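> just need the structure, nothing else, for what follows:
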Amino acid sequence: MNGPHTQVAMPAEDLEDLYENAPCGYLSLQPDGRIVKVNRTLSTWIGIPADQLLGKRLHDLLNTSGRIFYETHFAPLLRMQGFFNEVALDLVTVDGRKLPVLANAMERRAEDGALLFTRVTMFQAAERRRYERELVDARAAADAAGATIKAKLAFEQQTAELREQFIAILGHDLRNPLASIAAAARMLRKEEQSDRSTKVLDLMQGSVVRMSGLIDNVLDFARARLGGGIVLDRRAEELEPLLRQVIEELHYSHLDRRIEVSIELVGPINCDSSRIGQLVSNLLGNALTHGTPDEPVRLSAATLDGRLELWIANGGAPISSDAMTRLFQPFFKGEAGTSPRGLGLGLHIASEIARAHGGTITVSSDDKETRFTFVMPLD
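The predicted structure follows:
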């Protein structure tokens with residue numbers, strides 16, 4: 001007979017049953033991204049037997065937009081930091097339904113750093129998504145009514161479509177060829193090269209790194225359109241080496257052009273140097289594209305009176321007054337007859353970077369020169 005303090009023995013936990021019938025989905029990925037193990041919970045959610053999921057890739061289980069987001073954002077994030085948490089994804093069930101989930105992932109590596117496998121857990125998030133949508137709807141209803149609500153929803157829809165368009169463009173049209181360039185540069189670097197070739201390959205590698213960063217930065221455009229703005233990582237750094245690298249990168253793609261440079265910077269500057277490099281690259285690239293070929297492009301950077309002042313000038317026909325009012329708007333590609341290259345985002349992103357630093361970009365243009373001037377406070 002059990003006394004008042006007698007403990008009832010609990011059955012031993014069955015770890016295999018815990019894995020297979022856990023209240024969340026489990027799967028493990030090989031280094032090549034293919035599924036090597038999946039639990040019964042996840043296979044039941046999507047209606048596909050576990051043995052039929054083996055060998056598939058995670059993005060095979062996602063809808064189209066989910067695949068784009070995963071390949072262009074979450075997969076690179078996983079490779080960069082080895083994990084991600086609470087990523088919203090939509091699985092596709094066997095009957096075509098969308099199953100919202102929140103995913104967490106963690107890489108497992110050997111002592112030498114080699115990737116062994118990646119563990120992923122998933123939790124159903126339909127109720128959470130529904131709750132979030134209800135909060136948004138309630139707030140919109142409280143803020144305004146009638147035509148105001150309709151205009152706001154139309155703007156949000158337009159912004160969402162714009163973000164999807166950019167992610168698709170960046171994911172497919174830029175990342176793939178950039179990866180090929182990086183691979184080719186690494187292969188050539190292993191072969192014997194002249195000093196000049198080595199320098200060019202080093203510049204290519206640096207450009208690939210910068211371009212990869214720029215692609216990620218352009219993704220911020222969608223967030224900026226939703227009100228988030230450009231995110232900075234400010235620290236005190238010497239800017240001159242970065243400016244020299246940007247100038248040299250662009251000069252190698254415009255060998256027939258002359259760039260006159262004057263840099264007089266005193267001490268480190270508190271800024272996001274990669275963003276400043278992006279700003280300068282956009283302005284200098286714009287000047288090389290639109291300036292008169294037989295006249296030099298001039299760049300000046302100096303610290304004076306508690307501010308950083310950087311300007312880039314080129315010769316050529318002046319900018320019309322109508323174009324001047326729209327220069328910094330997204331997707332503005334200039335006037336008829338100018339170069340059609342690019343998405344028309346360079347000047348817009350440059351102005352957003354300046355604004356995030358508490359600075360400004362102004363432009364002046366006449367028959368003598370067109371000059372873009374960036375000024376930001378040093379404090």
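> what is the helix or strand where residue 127 lies packed up against?
Under the criterion of DSSP states H and E, residue 127 resides in helix 126-143. Using 3 or more Cβ pairs under 8 Å, 6 or more residues apart in numbering; DSSP states H and E as the contact definition, the elements that helix 126-143 packs against are strand 98-109, helix 147-169. Just so you know, the C-beta spots here come from the backbone N, C-alpha and C atoms, and that holds for glycine as well.
> tell me which of the ones you listed sits most buried.
The highest mean neighbour count among the helices and strands packed on helix 126-143, using mean count of other Cβ atoms under 10 Å, belongs to strand 98-109: a mean of 17.
> export that strand to PDB, keeping only CA atoms.
The C-alpha coordinates for strand 98-109 follow below in PDB (Å, rounded to 0.1, in the frame of the first residue of the first chain):
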ATOM      1  CA  LYS A  98      -0.500  26.500 -47.800                       C
ATOM      2  CA  LEU A  99       0.700  25.600 -44.300                       C
ATOM      3  CA  PRO A 100       2.200  28.500 -42.400                       C
ATOM      4  CA  VAL A 101       5.100  27.600 -40.100                       C
ATOM      5  CA  LEU A 102       7.900  29.200 -38.100                       C
ATOM      6  CA  ALA A 103      11.300  27.600 -38.800                       C
ATOM      7  CA  ASN A 104      14.500  27.400 -36.700                       C
ATOM      8  CA  ALA A 105      17.700  26.000 -38.100                       C
ATOM      9  CA  MET A 106      21.200  25.200 -36.700                       C
ATOM     10  CA  GLU A 107      24.200  23.800 -38.500                       C
ATOM     11  CA  ARG A 108      26.300  21.000 -36.900                       C
ATOM     12  CA  ARG A 109      30.000  21.100 -37.900                       C
END
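> taking helix 126-143 as reference, get the angle to it.
Interaxial angle of strand 98-109 relative to helix 126-143 (axes from the mean of the first three to the mean of the last three Cα atoms, to 10 degrees): 120 degrees.
> skip ahead from strand 98-109 and say which helix or strand is next.
Note on strand 98-109: by DSSP H and E, the next helix or strand toward the C-terminus is strand 115-124.
> just checking: what are the partner strands of that following strand?
In the sheet, strand 115-124 lines up against strand 25-29 (antiparallel), strand 98-109 (antiparallel) (DSSP bridges).
> okay, those in TSV with distance to residue 140 and mean pLDDT next?
Shown next, in TSV, are those (distance: least, Cβ to Cβ, whole Å; pLDDT from 0 to 100):
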stretch	distance to residue 140	mean pLDDT
strand 25-29	33	94
strand 98-109	21	91
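> how about these, which one is nearest residue 68?
Residue 68 lies closest to strand 98-109 among the strands paired with strand 115-124, at 14.9 Å (Cβ to Cβ).
> contacts for that closest one?
With contacts defined as Cβ atoms under 8 Å, 6 or more residues apart in numbering, strand 98-109 is touched by 25, 45-46, 63, 78, 82-93, 115-126, 128-129.
> please indicate which of the residues you listed are buried?
For the contacts of strand 98-109, a neighbour count by 16 or more other Cβ atoms under 10 Å gives the buried set as 25, 45-46, 63, 78, 84, 87, 89-92, 118, 120-122, 124-125.
> how about CSV for the helices and strands packed on helix 126-143, with distance to residue 358 added?
Below are the helices and strands packed on helix 126-143 laid out as CSV (distance: least, Cβ to Cβ, whole Å):
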stretch, distance to residue 358
strand 98-109, 36
helix 147-169, 25
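> nearest to residue 186, out of these?
Nearest of those (Cβ to Cβ): strand 98-109, 21.7 Å.
> for that closest one, the distance to its chain's centre please.
20 Å (Cα atoms, centre = their mean, to the nearest Å).
> what does stretch 111-131 give?
Put simply, stretch 111-131 sits 21 Å off its chain's centre (Cα atoms, centre = their mean).
> what does that stretch contact?
For stretch 111-131, contacts defined as Cβ under 8 Å, 6+ apart pick out 24-31, 36, 42, 45, 58, 78, 88-89, 91, 99-110.
> how about low-confidence regions in the stretch 201-350 of the chain?
For the stretch 201-350 of the chain, residues meeting the criterion pLDDT under 70 lie at 205-206, 209-210, 212-214, 216-229, 253, 331-344.
> does residue 294 count as helix, strand or coil?
What DSSP: H, G, I helix; E, B strand; the rest coil gives for residue 294 is coil.
> spit out the contact partners of residue 78.
Residues near residue 78 by Cβ under 8 Å, 6+ apart: 84, 105, 107, 118.
> oops, could you answer that again for residue 301 instead?
Residue 301 is in contact with 239, 240, 243, 262, 263, 264, 265, 308, 309, 310, counting by Cβ under 8 Å, 6+ apart.
> how about the first one: what's its closest non-neighbour residue?
Distances taken as Cβ to Cβ, 6 or more residues apart in numbering put residue 269 closest to residue 239, at 5.3 Å, once the chain neighbours are dropped.
> any idea what the one you found is bridged to?
Beta-bridge partners recorded for residue 269 (DSSP bridges): residue 237.
> quick one: neighbours of it, just the number.
By the measure other Cβ atoms under 10 Å, the count of residues near residue 269 is 21.
> all strands for the stretch 251-379 of the chain, in order.
259-264, 269-271, 297-304, 307-314, 360-365, 370-377 (DSSP state E, counting those that start in this stretch).
> quick one: buried residues of the third one?
Of the residues in strand 297-304, 297, 298, 299, 300, 301, 303 count as buried by neighbour count, 16+ other Cβ under 10 Å.
> got the CA coordinates for that strand in PDB?
Taking C-alpha atoms only, strand 297-304 is exported to PDB below (Å, rounded to 0.1, in the frame of the first residue of the first chain):
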ATOM      1  CA  VAL A 297      35.400  63.100 -63.500                       C
ATOM      2  CA  ARG A 298      36.500  64.900 -60.300                       C
ATOM      3  CA  LEU A 299      36.100  63.600 -56.800                       C
ATOM      4  CA  SER A 300      36.900  65.500 -53.600                       C
ATOM      5  CA  ALA A 301      36.500  64.300 -50.000                       C
ATOM      6  CA  ALA A 302      37.500  66.400 -47.000                       C
ATOM      7  CA  THR A 303      36.700  66.900 -43.300                       C
ATOM      8  CA  LEU A 304      36.200  70.600 -42.500                       C
END
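> that's all I had, so thanks and see you.
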